[in-house]
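*Asks:* Any chance you can model this:
(2 chains)
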Amino acid sequence: MQELVISASNLCVNVKEKQILKNVSFSARKGEVMALLGGNGAGKSTTIKTFLGLMTPSSGSVSLAGVNVHQQPDVVRQKVAYLPESVMLYGHLTAIENIKYFLSLSGKQKTAGDIAEALQRVALQEASWNSALAGYSKGMRQKTAIALALLREAPILFLDEPTSGLDPVAIDEFNRLVKQLAAQGSTIFMVTHDVYGACHVADRIGLLHNGEIVGMFDAPEHGNIDSEVVHKAFTAGARNE
Amino acid sequence: MSSAVMGSKVLAIAKDEWRYWRRSSLAQTVLLIALVLAIASVWVTQAAITATAEKRQHMQSDATQVFEAQPDRHPHRMIHYGHYLFRSPPPLSTLDPGIDAFTGNAIFLEGHQQNSATFAEQKQSSGLTWLGKLTPAYVMQVLTPLLLIVLGFGVMTREREAGTLDFLKVQGVSPLTLILGKAVALAGAGLLILAPLVVGALLTLLNGAALLPVVAFVFAYLLYLAIWCGIVLAVSALASSNSTSFSGLMAVWILMCLILPRIAGNTASVALASQGKLETDFAVLQSIRDTGDGHNANDPAFKALKDNLLAQYNVTTVEELPVNFRGVVSRYSESQHTDVLNKFAEQKMQIEQAQADIARKFGWLSPVIAIQTASMKLAGTDLENYQRFLRKAEAIRFDFVQSLNTLHAEGLSYAQDANRYASQQAQKEATVSSANWQILDEFHFTPLAPTQLFANSLMALLQLFCAMAIVVGFILFAGRRI
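*Replies:* Alright, predicted model coming up:
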């Protein structure tokens, strides 16, 4: 059996006395793609931010590769790549400059050839590589961030609404890439409200509703997903995070 | 994280900040303005002060020549003819003219009077020459912090607003590393703006400035700009948005650079009110009146002097005295006048000194006041040096007047002197040879010893160190909240 890489145990997160996550527990093994589905305000981004050490649990714990995130955040961050929903790269830098800068901050040494290969792999048009990101579309920014995540060679990837803003062709390319990375041993955790996309790439799908896991399904048996539960997860009690 | 890894991250963040500034037209404009201001102020002030120093040297020598070229005259006329003393500006005044620009640097020496220094730059310049007053010290003390604020208010809030702050953290960049990187970038900007002042300071070494005060002067400004970089960084790290950061920093700048220096000055003048010029002049006049009129040898105020002198020489009339009694009276009266004048002058200087001490205490609250004090003290352009000049000038005035009074007493007979208005011939005879006018010593106002200048600035430097420590604490606090 593959080792547990991502693990949340009775995770509770409060923000200003409001409980955002309530006793959330799940895990993902090495090489697995896990998707957390939920409507707006379900607590998906909070879950990711807690795994990234950007938010602190009020109780329970999260660990990555057996290391408690909040006890050793620096150790954990070496193993993690993160693709945020709104890609947070610098508008004044080009795609190549952004990648070089963030790689230098994470201590990775990559050649110009490696960077070009990663950008080709995410299908970012070569003509735009040396243009400032300020002029990029959301999809182009997303591709740049994915290229960065690839170059970081992190064994664990956190993806926050990764296909939002991408065109159908780019979504297909992205899904293929995710599967490829998982096959190479990366563990991928994504939060999304794209049920189709999640079913397409994930090995396991969790349904989050009002901060609680209301269902967990093995994706190869997509037929097992209870449409009532999915409907409930997406429609009831939406709130802002 | 090893220090080498952290160092490389800090450098990468600093380089990126500089890259951002290079590509931002606002940052480019701010840096350009800062550099132009710094270079122009150093250049203009250096040229102006150097020219002034040369001019004063010539004027001093001209004044001596003109005095010595006077024809045979009655010595008392020479006392009223008077003489000028010019103070050469100290080398570091090219960077901080301090209070010299307001106080004047020339004094007219004459009998029975202690004149104020005259020909202050600020009093002579017209409205069009305002740029001439844009001294390097003013640029560094007041304008550079403002430019650093415009340049750096967004160093941290920009990351927060763009969402890159969280992304950076996930890349393994700790808040401390990020803050250090931004601090290095801001410090680089500060150093760039400071560079013209450093060059100016090095030039003063060629013009005779001592190494210790020059090094301390540059160090004080380095510390001062570091404080401002720290303030910019801390406020930007604590603020939630660019606009909050900018308005917060502007409030700090207005308080530190505009309001507190005014409050300091006003507090000092309210706490220790000094008499107005009119009241002082009346009080001086009243006290001098009591000492008698030195132009009138028969003034009852000199009766005791007369009696003592007659007894000393065992004669019954002043005509029999071997010295000119009118000259003796002049000398005695001048001495009495000078005691009175010195008493009032010392009182005035002590009040000024106490007021300055009160105002300088505000340096614990505002680094602007601390750097102003340190800068003027190290440059030798502070109140104490001005008062030293006044005291030295007064000593010279007294010697100058008394040597002419001695000439009056010993070089001219009483009979000649008393009858000098009897005829034109008598007037001509009641003179002494112009060869006697060679009484003026060459005047050099020597600066304080370098160690003394440094010692005088220690309190202000300590105030700057304390401000730096508070700012560092503030930054660490802000770092924990990132």
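*Asks:* element containing the closest residue to chain A within the stretch 251-400 of chain B?
*Replies:* Closest to chain A within the stretch 251-400 of chain B is B:W253: 26.3 Å, counting by C-beta to the nearest C-beta. Heads up, the C-betas are built off the backbone N, CA and C, glycines and all. For B:W253, the host element (DSSP states H and E) is helix B:242-253.
*Asks:* what mean pLDDT would you report for that helix?
*Replies:* Averaged across helix B:242-253, pLDDT comes to 96.
*Asks:* Can you tell me how far the closest residue to chain B within chain A is from B:K9?
*Replies:* Chain A approaches chain B most closely through A:M88 (4.0 Å), counting by C-beta to the nearest C-beta. Using C-beta to C-beta, to the nearest Å, A:M88 is found at 18 Å from B:K9.
*Asks:* More neighbours: which of the two?
*Replies:* Shown here are A:M88 and B:K9; by other C-beta atoms under 10 Å in any protein chain shown, B:K9 has more neighbours (24 against 19).
*Asks:* does that one really touch B:T177, like I thought?
*Replies:* Yes - if you go by C-beta atoms under 8 Å, B:K9 and B:T177 touch, sitting 5.0 Å apart.
*Asks:* returning to what we had before: and the helix holding B:W253, what does it pack against?
*Replies:* Judged by 3 or more C-beta pairs under 8 Å, 6 or more residues apart in numbering or on different chains; DSSP states H and E, the packing partners of helix B:242-253 are helix B:144-152, helix B:157-162, helix B:211-238.
*Asks:* in chain A, which residue is closest to the centre?
*Replies:* Central residue of chain A (C-alpha atoms, centre = their mean): A:L159, 1.4 Å from the mean position.
*Asks:* and it, what pLDDT?
*Replies:* 91.
*Asks:* Then B:E121?
*Replies:* 54.
*Asks:* Give the full set of residues in contact with the residue of chain A closest to chain B.
*Replies:* Each residue near A:M88 by C-beta atoms under 8 Å, 6 or more residues apart in numbering or on different chains is listed here: B:162-164, B:166-167.
*Asks:* Among the residues you listed, which pair sits farthest apart?
*Replies:* B:A162 and B:D166 (10.2 Å; C-beta to C-beta).
*Asks:* Can you pick out the residue with more neighbours from these two?
*Replies:* B:D166 (18 against 15).
*Asks:* which parts of chain A sit against chain B?
*Replies:* By the rule C-beta under 8 Å from any C-beta of the partner chain, the part of chain A lying against chain B is A:49, A:52-54, A:74, A:77-78, A:80, A:82, A:84, A:86, A:88-93, A:97, A:101-102, A:104-107, A:132.
*Asks:* From those, keep the buried residues only.
*Replies:* A:49, A:52-54, A:77, A:80, A:82, A:84, A:88-90, A:92-93, A:97, A:101-102, A:104-106, A:132 (16 or more other C-beta atoms under 10 Å in any protein chain shown).
*Asks:* Settle this for me: A:I205 is touching A:D194, isn't it.
*Replies:* No - look at A:I205 against A:D194 with C-beta under 8 Å: they stay out of range, at 11.2 Å.
*Asks:* the more surrounded of those two?
*Replies:* Neighbour count, other C-beta under 10 Å: between A:I205 and A:D194, A:I205 has more, with 24 against 17.
*Asks:* ok, what's across the strand from the more buried one?
*Replies:* Note on A:I205: beta-bridge partners by DSSP bridges are A:A35, A:F217.
*Asks:* Could you tell me which residues make contact with it?
*Replies:* By C-beta under 8 Å, 6+ apart, A:I205 lies in contact with A:34-37, A:198-199, A:216-217, A:219, A:225.
*Asks:* again, but for A:P162
*Replies:* Applying C-beta under 8 Å, 6+ apart, the residues contacting A:P162 are A:83, A:142, A:146, A:174, A:178, A:190, A:192.
*Asks:* Quick check, the second one in contact with A:P84.
*Replies:* No - in this structure, A:Q142 sits apart from A:P84 without contact. The criterion is C-beta under 8 Å, and the distance is 9.5 Å.
*Asks:* Can you read off the pLDDT for A:K143?
*Replies:* At A:K143, pLDDT is 86.
*Asks:* Could you verify my assumption that A:I146 touches A:P84?
*Replies:* No - at 11.4 Å, A:I146 and A:P84 do not qualify as touching, with contact defined as C-beta under 8 Å.
*Asks:* how about the closest residue to B:Y414 other than its chain neighbours, what does it touch?
*Replies:* When the adjacent residues along the chain are set aside, B:Y414 lies closest to B:N324, with 4.6 Å between them (C-beta to C-beta, 6 or more residues apart in numbering or on different chains). Neighbour list for B:N324: B:408-410, B:412-414, B:417 [criterion: C-beta under 8 Å, 6+ apart].
*Asks:* gap between B:N324 and B:E429?
*Replies:* Using C-beta to C-beta, B:N324 is found at 13 Å from B:E429.
*Asks:* Next: B:V218.
*Replies:* 64 Å.
*Asks:* Repeat that for B:A47.
*Replies:* From B:A47 to B:E429 the distance is 53 Å (C-beta to C-beta).
*Asks:* Name the residue in these two with the higher neighbour count.
*Replies:* The neighbour comparison of B:A47 against B:E429 (other C-beta under 10 Å) goes to B:E429, with 17 against 12.
*Asks:* Is that one in contact with B:Q416, as I believe?
*Replies:* Yes - counting by C-beta under 8 Å, B:Q416 is a contact partner of B:E429 at 5.6 Å.
*Asks:* List the residues that contact B:L85.
*Replies:* B:60, B:106-107, B:109, B:393, B:396, B:443.
*Asks:* circling back: kindly reformat the helices and strands packed on helix B:242-253 as CSV and extend each row with distance to chain A and mean pLDDT.
*Replies:* Below are those laid out as CSV (distance: least, C-beta to the nearest C-beta, whole Å; pLDDT from 0 to 100):
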stretch, distance to chain A, mean pLDDT
helix B:144-152, 15, 95
helix B:157-162, 6, 90
helix B:211-238, 17, 96
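*Asks:* between those, which gets nearest to B:Q171?
*Replies:* Once the helices and strands packed on helix B:242-253 are compared by C-beta to C-beta, helix B:157-162 is nearest, at 12.1 Å.
*Asks:* Any buried residues in that closest one, and which?
*Replies:* Here helix B:157-162 shows B:157-161 as buried, counting by 16+ other C-beta under 10 Å.
*Asks:* Which one of these is nearest to B:L223?
*Replies:* The nearest member of the buried residues of helix B:157-162 to B:L223, counting by C-beta to C-beta, is B:T157 at 25.6 Å.
*Asks:* All set now, cheers.
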